[in-house]
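**Student:** All I have is the shape, not the residue letters:
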């Protein structure tokens, strides 16, 4: 059966992806906020314009009523007193300023419904008829006074034949009747009613527009506040993501690098790639360092500790150790007879055998061409029998030709250290015991006669 394919963990997001997405989102929010801001400004402008139109309509209604009353008052005053000043005031307002016509035009510009337009047209017609009545009454008074320099607008008013035949007193009476009659008052009422009807519709329409604009403005301001909040959240998100995916992992990495430790992959994808590269270099460097350390302390051929390591270890463990010196008997002749390759194989075999029969806490060293040493830690003369048995086992193994190598014999000297023993004295005692074995014909072992001091 085929093994099920392992699922690869999802690759973490990279800072570039996060930042690009965040910048795009921030730009979109900025554009959205600017658009909403423009809509807010437009809504405020519309609100201001609607308020201005509302105020203009109110002013126009007031102006229309005041102007109509002013013209009525001036016409009546002239008819009653014959004072030319009132006539001039009337004609100045009617011909030059015409505030009544301007007010009607102002209302007409804002009228949207057919009912409002019709009401204004009716008011305009009634206003024109009322003005004709007022001008006709003032012409009768002017004729009764026999004015010679009649204003052009008054001179153009035609007098009916029946009124032309009236006496001056009757013309005066006729004029008074025209500006005080029920028809005159009814006409003024109709004008006011029409204007009031139109103004109510206009004001209602403008009020509705103001309410709609205010509601829209409130909604836009809410959206604008929401957009600002979202923009702030994006900024906070960028800061938090940078802290979680970049700054905090880098702080941890800095501590690990300072402590010469490998890095734990975390943070953004870019950091994880850097961590993988760093850890690879770290592992390579560690292997190289360990290799250099091994080469500095170990013999390249046998793997045993070298002479420099032996000297350091002997100084460190001399007080509580047994030093065992091992020489391969007649190694030079052996080397000459079988060749250097076989000689190297014997050296490797001797080191491997020592490693096999001694403890892992003991130190196996190669201190010369065919010379080995064993530093047995925490050992004294009480374990002499154990040491003798181990050396015999090593010698028997090397002497046996069943291991596909020529048989070899060894000579061994053993000495025990003491707290007040000097380094060279311990080595000299073990070397003396070794020499004694060689003097007696080799292929054996001996213990030093005295503990060196």
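**Tutor:** Great, that's in hand. Values in this document were obtained by computation on a predicted structure and should not be read as measured data.

**Student:** As a check, name the ranges of all strands in the stretch 201-350 of the chain.
**Tutor:** Under the criterion DSSP state E, counting those that start in this stretch, strands of the stretch 201-350 of the chain are mapped to 321-328.

**Student:** where in it is pLDDT low?
**Tutor:** Along the stretch 201-350 of the chain, the model assigns pLDDT under 70 to residues 287-293.

**Student:** ok, 80 please
**Tutor:** Applying pLDDT under 80 to the stretch 201-350 of the chain flags the ranges 201-207, 209-210, 241-242, 245-246, 253, 260, 266-271, 273, 280-295.

**Student:** residue closest to the middle of this structure?
**Tutor:** In the chain, the centroid-proximal residue (Cα atoms, centre = their mean) is residue 238; its distance is 1.0 Å.

**Student:** Please name the residues that touch the closest residue to that one other than its chain neighbours.
**Tutor:** Spatial nearest neighbour of residue 238, excluding adjacent residues (Cβ to Cβ, 6 or more residues apart in numbering): residue 22 at 4.8 Å. Heads up, the C-betas are built off the backbone N, CA and C, glycines and all. Residue 22 is in contact with 234, 237-238, 241, counting by Cβ atoms under 8 Å, 6 or more residues apart in numbering.

**Student:** name the element residue 22 belongs to?
**Tutor:** Applying DSSP states H and E as the criterion places residue 22 in helix 15-81.

**Student:** re earlier: hang on, the residue nearest to the centre of the chain packs against residue 21?
**Tutor:** No. Counting by Cβ atoms under 8 Å, residue 238 does not reach residue 21; the two are 9.9 Å apart.

**Student:** about what we covered before: next secondary structure after the helix holding residue 22?
**Tutor:** Remark: after helix 15-81, the chain's next helix or strand is helix 84-91, criterion DSSP H and E.

**Student:** Show me which residues of that next one are buried.
**Tutor:** Buried residues in helix 84-91, counting neighbours by 16 or more other Cβ atoms under 10 Å, are found at 86-87, 89-91.

**Student:** among those, which two are most distant?
**Tutor:** The largest separation in the buried residues of helix 84-91, counting by Cβ to Cβ, is between 86 and 91 at 9.7 Å.

**Student:** before we move on, back to that, now do the residue nearest to residue 238, the pLDDT please.
**Tutor:** For residue 22, the pLDDT comes out at 77.

**Student:** measure it to residue 36 for me?
**Tutor:** Using Cβ to Cβ, to the nearest Å, residue 22 is found at 21 Å from residue 36.

**Student:** and the nearest residue to residue 412 once chain neighbours are set aside, helix, strand or coil?
**Tutor:** Closest residue to residue 412 apart from its sequence neighbours, by Cβ to Cβ, 6+ apart: residue 445 at 3.7 Å. For residue 445, the secondary-structure state derived from DSSP: H, G, I helix; E, B strand; the rest coil is strand.

**Student:** Distance-wise, check residue 445 relative to residue 115.
**Tutor:** Where residue 115 is concerned, residue 445 sits at a distance of 135 Å (Cβ to Cβ).

**Student:** Please compare the two by neighbour count and tell me which comes out ahead.
**Tutor:** Taking neighbours as other Cβ atoms under 10 Å, residue 445 and residue 115 compare with residue 445 leading, 23 against 12.

**Student:** from what I can see that one touches residue 411, true?
**Tutor:** Yes. If you go by Cβ under 8 Å, residue 445 and residue 411 touch, sitting 7.3 Å apart.

**Student:** Can you list phi and psi of residue 300 for me?
**Tutor:** phi -70, psi -30 (degrees, to the nearest 10).

**Student:** what's the spacing between it and residue 334?
**Tutor:** 21 Å.

**Student:** okay, the two: which has more neighbours?
**Tutor:** residue 334 (19 against 9).

**Student:** from memory that one sits against residue 407, does it?
**Tutor:** No. Counting by Cβ under 8 Å, residue 407 is not a contact partner of residue 334; they are 10.0 Å apart.

**Student:** Which residues are in contact with each of residue 445 and residue 411?
**Tutor:** Common neighbours of residue 445 and residue 411 (Cβ under 8 Å, 6+ apart) are residue 437.
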